[in-house]
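Undergrad: next come a sequence and a model predicted from it.
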Amino acid sequence: MKIDLEHRQSAHCESGVTSSLLWEASKGKITEPLAFGIGAGLFYAYIPFISINNGPAIAFRTMPGWIFGRTCRSLDIPVIRKKFSSREKAETYLMEQLNAGQPVGCQVGVYYLSYFPKEYRFHFNAHNLIVYGKEGDNYLISDPIMETPTTLTSYELERVRFAKGALAPKGQVYYTKYNGEITDGRIREAIKSGIKRNVFNMLSIPGPFAGVKGIRFTGNKIKGWRDKLGLEKAKLYLAQLVRMQEEIGTGGGGFRYIYAAFLQQAHAYLPQDELLEISKLFTLAGDKWRTAAVHAAGIYKGRIGSQADFDTMGNYLLEIAELEREAFIALKNIKWLT
């Protein structure tokens, strides 16, 4: 049994899954950048008291599942989402949807994904893929970060759906059965709503750990890591920062390039040239994040590592915080003409 679903490679897993699941209903209008922006996917958080892979929790995007949920709600599309305590019930429910012709998004753990190269497997439970059929004991998988469709055996899929640890997926599946039309007017309002939410998340969210304040907080902390943690642990913390920025399905630059593309595509629905100018700021922010990542990699690999190098690393983040503050204030001040 195979559901008609065109596989599309994407820069990021959840925005790619969202675009693919809404592709037919939107007649191809909800691209990956639009899904990411409407879902207010851009974020930053540094949470020192939560440990993931022996390092601080660092995020460059919103919580898993929020991009899909926000995008659908902004477009007035109902979302069906299920979690399970029973592995048997989880597979039965999945098969019921597939037999009904419904492709299903799944949150899974990365470590046991058999088609991933070994160097990309680590304990991260917020990856997303689509299951769109089953042939024999193999489930048909559309993983948006893979070039072609792939498969997982029943055992392999169960194992990644019930991976243990932080952000455990608990067999989570999600989809929508929407059959109506997604009009340009609805997309236009959803874009404005997504921008408004992202402006709040990056400029006004309470506390020092998130948004622009969180980037600034991290930059200042990095300057003290060498003395406080010791060189070896400080290097591991920087590796964690780079891993979350560049390897967790971001498409590079901590999602900033995707957000720049979102603003460019939003201009087609809201033809105000401020969007194009602000898009350039996010591209510049992505470039600076990448420059910082190269510097951090130099410290991690031992090519550099003096206190001056940590100060430079911290200053990169302070520059990025100021640049993104400027960009989001510009978005906040847009007076929509339509």
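TA: Right, received. Where do you want to start?
Undergrad: check contacts around Asn128.
TA: When contacts are counted by CB atoms under 8 Å, 6 or more residues apart in numbering, Asn128 is found next to 13-14, 16-17, 64, 105-108, 144. C-betas here are computed from N, CA, C, even on glycine.
Undergrad: next, give phi and psi for it.
TA: Backbone torsions for Asn128, taken as degrees, to the nearest 10, come to phi -130, psi 140.
Undergrad: quick one, helices of this protein?
TA: Secondary structure of the chain by DSSP state H: the helices cover 13-22, 32-38, 66-74, 87-99, 154-161, 184-203, 211-229, 231-242, 256-269, 274-300, 307-332.
Undergrad: next, format those helices as TSV and append mean neighbour count and distance to Lys134.
TA: Formatted as TSV, those follow (neighbours: other CB atoms under 10 Å; distance: least, CB to CB, whole Å):
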stretch	mean neighbour count	distance to Lys134
helix 13-22	28	18
helix 32-38	28	26
helix 66-74	22	23
helix 87-99	15	6
helix 154-161	19	8
helix 184-203	19	33
helix 211-229	19	42
helix 231-242	18	37
helix 256-269	22	32
helix 274-300	19	39
helix 307-332	18	44
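Undergrad: okay if I get those helices as JSON lines plus mean pLDDT and distance to Gly171?
TA: Converted to JSON lines, the helices of the chain look like this (pLDDT from 0 to 100; distance: least, CB to CB, whole Å):
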{"stretch": "helix 13-22", "mean pLDDT": "95", "distance to Gly171": "16"}
{"stretch": "helix 32-38", "mean pLDDT": "97", "distance to Gly171": "23"}
{"stretch": "helix 66-74", "mean pLDDT": "96", "distance to Gly171": "16"}
{"stretch": "helix 87-99", "mean pLDDT": "97", "distance to Gly171": "3"}
{"stretch": "helix 154-161", "mean pLDDT": "97", "distance to Gly171": "5"}
{"stretch": "helix 184-203", "mean pLDDT": "97", "distance to Gly171": "28"}
{"stretch": "helix 211-229", "mean pLDDT": "97", "distance to Gly171": "31"}
{"stretch": "helix 231-242", "mean pLDDT": "94", "distance to Gly171": "28"}
{"stretch": "helix 256-269", "mean pLDDT": "97", "distance to Gly171": "28"}
{"stretch": "helix 274-300", "mean pLDDT": "96", "distance to Gly171": "34"}
{"stretch": "helix 307-332", "mean pLDDT": "98", "distance to Gly171": "36"}
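Undergrad: out of those helices, flag the one nearest Met1.
TA: In terms of CB to CB, the element of those nearest to Met1 is helix 87-99, at 6.4 Å.
Undergrad: break this structure down into its domains, please.
TA: 13-30+79-176, 184-333 (the TED database).
Undergrad: rewinding a little: out of the helices of the chain, which is closest to Asp137?
TA: helix 154-161 (5.3 Å).
Undergrad: alpha carbons of the closest one, as PDB, please.
TA: Extracted in PDB, the C-alpha atoms of helix 154-161 (Å, rounded to 0.1, in the frame of the first residue of the first chain):
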ATOM      1  CA  SER A 154       8.300  -2.100  11.600                       C
ATOM      2  CA  TYR A 155      10.900  -2.700  14.300                       C
ATOM      3  CA  GLU A 156      13.000   0.300  13.300                       C
ATOM      4  CA  LEU A 157      10.100   2.700  13.000                       C
ATOM      5  CA  GLU A 158       8.700   1.600  16.400                       C
ATOM      6  CA  ARG A 159      12.200   2.100  18.000                       C
ATOM      7  CA  VAL A 160      12.500   5.700  16.700                       C
ATOM      8  CA  ARG A 161       8.900   6.600  17.600                       C
END
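Undergrad: angle of that helix against helix 87-99?
TA: 110 degrees (axes from the mean of the first three to the mean of the last three CA atoms, to 10 degrees).
Undergrad: by contact count, what packs against helix 154-161?
TA: helix 87-99, strand 104-108, strand 138-142 (3 or more CB pairs under 8 Å, 6 or more residues apart in numbering; DSSP states H and E).
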